[in-house]
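1. kindly return the folded structure for what I paste below:
(2 chains)
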Amino acid sequence: MLPTMLQVKDLHAYYGRAHILQGVSLEAQAGEVVALLGRNGAGKSTALKAIMGLVPPARGEVSFEGKRIERLPPYRIARLGLGYVPEERRIFTDLTVMENLEVGRQAGRGAAPVWTEDRLFALFPNLAGMRDRPGGRMSGGEQQMLTIARTLMGNPRCVLLDEPSEGLAPIIVEQMAQSIRTLKGEGLSVLLCEQNLHFSQAVADRAYIIEKGQIRFGGTMAELASDASLREQYLSV
Amino acid sequence: MTFASIIIQLLNGLAAAASLFLVSAGLSLIFGVTRIVNFAHGSLYMLGLYGAYSLIQALGRTPMGFWSAVVLAALAVGLVGVLIEVLVLRRIYRAPELFQLLATFAVVLVIKDIALFVWGAEDLVGPRAPGLSMAVEILGKRIPAYDLLLIAIGPVVLGVMWLLLTRTRWGALVRAATQDREMVGALGVDQARLFTSVFFVGSVLAGLGGALQIPREPANLELDLAIIADAFVITVVGGLGSIGGAFLAAIIIGVAKAFCIGIGTVTWFGFEISFSKLTLVVEFLIMAVVLVARPYGLLGKPQAVQRIAADLAPPLTAPSWKIALVWVVLLLGVPLVADRYITIMLTDIVCFALFAVSLHFIMGPAGMVSFGHAAYFGLGAYAAGLLFKRAGLPMEAALLLAPLCAGAFAVVYGWFCVRLSGVYLAMLTLAFAQISWSIVFQWDSVTGGSNGVFGIWPSAWLAGKTTYYYLALACCGTGIALLWRVLFSPFGAALRAGRDSPLRAEAIGIDLRGFQWAAFVLVGALAGLAGSVYAFSKGSISPSTISIGQSTDGLIMVLLGGVETLTGPVVGAAVYTWVRDAVARHTEFWRAVMGGIILLIVLLFPQGLVGGLKALFLRWKEQRA
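-> The predicted structure is shown next:
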């Protein structure tokens, strides 16, 4: 059995007084791609933010490679090798592609694959031709690639991906799926939030379904594919 | 003007622009990354001047001694900046931004008194730069060689800053953090260290700007607020966060000021216009024009709607009329047991309470932070004084007409201000306050200039200290009650909606700008009432009632009490007025004590006094339950 990369136990988080996460538990093994599925407002993004420390967890445990991280500030979590790719991409619009990558740079760490600008341009060929273009003058798809590349510059062991397929043209979505499979091939763990079931089925090994801040299902993609009522109850709009 | 004198004024202006640019670049840098409007930035400039003065004395008046002193002073000021960041600001980055502002006010007070303690109250005139004390002849006029050097230093620093920001990893991090510092943190960058480094660089620039001025301007204790006003104007005219913009704006303003001095008094069509008197106002006029034409400054970029208040203001609780009644009865009863001294102080407190409540109305619920609220207080005071002394109106009429005059000014100023939001709005209010101050300060024949107006006493039947206290209580109490009542009217609800989401408020049909303008006029008139009552209680008024100091006093009162509560400003006004008086009777260094107290409160109660006590009370109740 593969070692546990990321383990979340009974995680609670609030926005002001709103109780968004009401006891989320999930885990991802090394080299595994896990999808966190659910409708709008179910708590997917908040779960990723809480793991990353961007929304301070109120209760519960988060362990990364066996180390408890739920009390650490985001930059310490990032430095342990947990990468975060935000929803809305959050590219630094005034900075060029190369400068965006520079901000994400961290020293390499033992077991993680080491990324250089050139390797990232091989992964996302679209970016290679626009090294000096400001982030603000890129298309949505290009920005989505840049935001992932920027996080990879930190040489993470595990990446949290918030809605990587959102708002992208179908052909770009296909490229994105290919890139995620490449990351898995490099041995990275990926935990991704999605509303797009097809995309998730194309990349993920396992899935969790979250509804009203609680996990309602956890299992393999095959199990989810065979259970139409589950999809009807928690995912269809 | 001859061609030669135009060139000379241009060079004068460029030389003056150098230091202005350095200070503003530092301010802009710090604001961009930390989102803190650092009021103490002018104090750092002042420390640079004083530091250079002392270091030159220690190191000797040789070229080597002079330049080492300038560089060492700048570096020392950089360390002071680091100290401020690490000891104070780092602890409150998660507090509402207005509270960080309060902390920087406190730092201003503390630094002023440290300077007073170390260097004394006298102006200190520094030496000329050794080796550069000669003058160079240009077009038959003599220009100090040192000025030419300063003219060169501006572009050099601009170039160095540009290289730092665009060619280094630090620069990429700074620019990235300026846009989205949370994301920078999520990418593994330690924000605390980045902020400290930015504070160091920004403070070094302020210190260098000050140190370089030592041959040109005496070190004195008024520089802190004077230079911060200049730096705000330049930063805003150039565009917040734009170093190039700051450079451009510093040159425009430096040159405009130099020309105003150079032109002197001119007669046009029989009117005598004194340009040299315009010097104090010209930068604010430029700023008002620029902001109306380009709301984000010359080289600034439109930014997401920026609020400098807390992100999520909790709903206001309506005041309880029963508790208010108890207070009114208590306040009515005080003069029966208190002595004359306490009655006079209570009169002051009542005036400042209305002043603070009106400021709270506009910056809290209406969401428009004003750095120049003293304008309306002071204009009310002056209107009362002038209507009484110069127009010969009865005291009662002057007292009641004065608020209308202040309101009339608010109509004009407000029309401009509501077109902006966030820090830009705050700066524009400061600009209008400074324009008002300059007019009052310089119009000797009407306002009495720096001496002010004397002999403004209430009519005989109101002259008793106790009677006047009751009058003040009636006027200001009514004003406070009115403001609180308005907050819970549909008008008040619309204002709060506009603060929380301008777009949504307008989408449901609220004419937000119109409402904000009306709010501006309302609080202007009521601050004017406070000023009017205050003027007759003192018997005289001076330009200090319109000064930046008065505006910051108001901000301190509101923030000390807590911007998220209704009664906070009243408590803040009372505590601040009382403590200041009590401390000032015991020590010359009341500012440092006051600043220290404020810092303690900031660090212990990040929600303000009333907010903090409320939170403590709630926790206590929860524990008992």
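2. show the backbone phi and psi for the nearest residue to B:Met395 once chain neighbours are set aside.
-> Nearest residue to B:Met395 in three dimensions, chain neighbours excluded: B:Ser459, at 4.5 Å (C-beta to C-beta, 6 or more residues apart in numbering or on different chains). For every residue, glycine as well, the C-beta is placed using N, CA and C. The phi and psi values for B:Ser459, taken as degrees, to the nearest 10, are phi -60, psi 160.
3. hmm, B:Ser459 is touching B:Glu396, no?
-> Yes - assessed by C-beta atoms under 8 Å, B:Ser459 is found in contact with B:Glu396 at 6.5 Å.
4. between those two, which has more neighbouring residues?
-> B:Glu396 (15 against 12; other C-beta atoms under 10 Å in any protein chain shown).
5. let me see the contact set for the more buried one.
-> Contact analysis of B:Glu396 by C-beta atoms under 8 Å, 6 or more residues apart in numbering or on different chains lists B:Ser459.
6. next, A:Ser25: secondary structure please.
-> strand (DSSP: H, G, I helix; E, B strand; the rest coil).
7. so it touches A:Leu36, yeah?
-> No - counting by C-beta under 8 Å, A:Ser25 stays clear of A:Leu36, with 11.8 Å between them.
8. list the buried residues for stretch B:581-591?
-> B:Val583, B:Phe589, B:Trp590, B:Arg591 (16 or more other C-beta atoms under 10 Å in any protein chain shown).
9. what do you get for stretch B:235-254?
-> B:235-243, B:245-254.
10. what sits against B:Gln100?
-> Counting by C-beta under 8 Å, 6+ apart, the residues that B:Gln100 touches are B:Ile36, B:Val37, B:Leu89, B:Ile92, B:Tyr93.
11. nearest to A:Pro57 among those?
-> B:Tyr93 (19.7 Å; C-beta to C-beta).
12. got a list of what the closest residue to A:Thr96 other than its chain neighbours touches?
-> Spatial nearest neighbour of A:Thr96, excluding adjacent residues (C-beta to C-beta, 6+ apart): A:Asp132 at 4.9 Å. Listed by C-beta under 8 Å, 6+ apart, the contact set of A:Asp132 reads A:Thr96, A:Val97, A:Met98.
13. among those residues, which one has the most neighbours?
-> That'd be A:Val97 among these, by other C-beta under 10 Å, with 27 neighbours.
14. returning to that earlier point: more neighbours, A:Ser25 and A:Leu36?
-> When A:Ser25 is set against A:Leu36 and neighbours are counted by other C-beta under 10 Å, the residue ahead is A:Leu36, at 28 against 15.
15. what pairs with whatever helix or strand that one lives in, parallel or antiparallel?
-> Per DSSP states H and E, A:Leu36 falls inside strand A:33-37. Strand A:33-37 has the following sheet partners, assigned by DSSP bridges: strand A:189-194 (parallel), strand A:206-211 (parallel).
16. how about the strands in the chain?
-> In the absence of a named chain, this looks at chain A. Using DSSP state E, the strands of chain A run over A:4-15, A:18-29, A:33-37, A:59-64, A:67-68, A:82-85, A:158-162, A:189-194, A:206-211, A:214-220.
17. look at chain B instead
-> Using DSSP E, the strands of chain B run over B:135-138, B:141-144, B:265-268, B:271-274.
18. give me the residues contacting the first one.
-> Under the criterion C-beta under 8 Å, 6+ apart, residues B:Ile7, B:Ile8, B:Leu11, B:Arg142, B:Ile143, B:Pro144, B:Ala145, B:Leu148 lie in contact with strand B:135-138.
19. keep only those residues that also lie close to chain A.
-> Contacts with chain A are made by none of the contacts of strand B:135-138, judged by C-beta under 8 Å from any C-beta of the partner chain.
20. of those residues, grab the buried ones for ChimeraX.
-> Entered in ChimeraX, the line below selects the buried ones among the contacts of strand B:135-138, by 16+ other C-beta under 10 Å:
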select /B:8,11,143,144,145,148
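21. okay, the contacts of strand B:135-138 in a markdown table with distance to A:Leu72 next?
-> Shown next, in a markdown table, are those (distance: C-beta to C-beta, whole Å):
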| residue | distance to A:Leu72 |
| --- | --- |
| B:Ile7 | 61 |
| B:Ile8 | 61 |
| B:Leu11 | 56 |
| B:Arg142 | 64 |
| B:Ile143 | 59 |
| B:Pro144 | 57 |
| B:Ala145 | 57 |
| B:Leu148 | 54 |
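22. point me to the residue sitting closest to the centre of chain A.
-> A:Leu161 (1.6 Å; C-alpha atoms, centre = their mean).
23. any idea how far that residue is from B:Ser242?
-> 34 Å (C-beta to C-beta, to the nearest Å).
24. please apply the same query to B:Asp180.
-> For B:Asp180, the distance to B:Ser242 equals 17 Å [C-beta to C-beta].
25. pLDDT value on B:Val33, please?
-> At B:Val33, the predicted lDDT confidence score is 85.
26. so who does it touch?
-> B:Val174, B:Ala177, B:Thr178, B:Arg181, B:Leu194, B:Phe195, B:Val198.
27. restrict these to contacts with chain A.
-> Residues of the contacts of B:Val33 in contact with chain A (C-beta under 8 Å from any C-beta): B:Thr178.
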